[in-house]
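1. sequence unavailable; structure follows:
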């Protein structure tokens, strides 16, 4: 879901900030995720309910009348983050599910709130997102992978798919462990899915 969102945001020229919530539940895994997306070139934060000051400071440093929005799966803590930024309990938040160890879905509509010097949108969570339903072209998948885009200028072919082409700089970086295997696998999956759904 995250990588799909990053493709979409690149296409509509919205700057993404990646936030891994509830990082206190598994600190080492959270640190690994933060590292992967920072290395890809994104602004990334790992936060927990009692440790979100760095993210809050970042948001407060944004220009006047800036509008931010949280998007992501249900129950990951978007409303809790909004409340932290707003310094209020404006948004209802759910209890943590004992079985899933995730928050229970509470937000059912998009709501706009004013904070210190801008606006924040709280949005309902979701569990699925299909790029082909949004008309995303398979050639645009790389936009969600800026670390591949930077390497691609050194590929032998201008139309390199970064899958099995000769002298592909992305494949070389993968073989040298200079890019994340999981990110690469998701790139291939998204590329192939959109290629198979092309008109």
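-> Everything's here; your move. Since the model is a prediction, treat every value here as computed from it, not as a measurement. Numbers count the residues shown, from 1 in each chain.

2. most remote residue from the protein's center?
-> residue 166 (30.6 Å; C-alpha atoms, centre = their mean).

3. roughly how far apart are the closest residue to residue 65 other than its chain neighbours and residue 178?
-> With sequence-adjacent residues excluded and distances taken as C-beta to C-beta, 6 or more residues apart in numbering, residue 65 is closest to residue 118, at 5.6 Å. All C-beta spots, glycine's among them, are computed from the backbone N, C-alpha and C. Noted for residue 118: a distance of 37 Å to residue 178, by C-beta to C-beta, to the nearest Å.

4. and for residue 84?
-> Taken as C-beta to C-beta, the span from residue 84 to residue 178 is 36 Å.

5. looking at those two, which is more packed in?
-> More crowded of residue 84 and residue 178, by other C-beta atoms under 10 Å: residue 84, with 18 against 13.

6. can I assume that one sits in a helix?
-> Yes: Residue 84 forms part of a helix when assessed by DSSP: H, G, I helix; E, B strand; the rest coil.

7. just to revisit the earlier point, where does the residue farthest from the centre of the chain fall, helix, sheet strand or coil?
-> Classified using three-state DSSP, residue 166 is coil.

8. is it in contact with residue 156, as I believe?
-> Yes: judged on C-beta atoms under 8 Å, residue 166 makes contact with residue 156 at a distance of 6.0 Å.

9. list the buried residues for stretch 44-59?
-> Neighbour-count burial for stretch 44-59, counted by 16 or more other C-beta atoms under 10 Å, picks out 44, 45, 46, 47, 48, 52, 55, 56, 59.

10. find the nearest non-adjacent residue to the second one, please.
-> In space, not counting the residues next to it along the chain, residue 45 is nearest to residue 55; the distance is 4.4 Å by C-beta to C-beta, 6+ apart.

11. pLDDT of the helix or strand where the one you found lies, averaged?
-> Element membership for residue 55, per DSSP states H and E: helix 53-60. Helix 53-60 shows an average pLDDT of 89 in the prediction.

12. repeat that for stretch 75-84.
-> Mean pLDDT, computed over stretch 75-84, is 81.

13. still on that earlier bit, residue 137: which of the buried residues of stretch 44-59 is nearest?
-> residue 44 (26.8 Å; C-beta to C-beta).

14. report the contact partners of the residue nearest to residue 65.
-> 59, 62, 63, 64, 65, 66, 67, 68 (C-beta atoms under 8 Å, 6 or more residues apart in numbering).

15. what's the local residue count around the fifth one?
-> Residue 65 is surrounded by 9 other residues when neighbours are defined as other C-beta under 10 Å.

16. residue ranges in the chain under the pLDDT threshold?
-> Along the chain, the parts satisfying pLDDT under 70 run over 88-108.

17. the longest helix in this structure is where?
-> helix 181-196 (DSSP state H).

18. residues in contact with that helix: which ones?
-> 3-4, 7, 36, 40, 131-132, 136-138, 141-142, 144-145, 147-148, 161-163, 170, 174.
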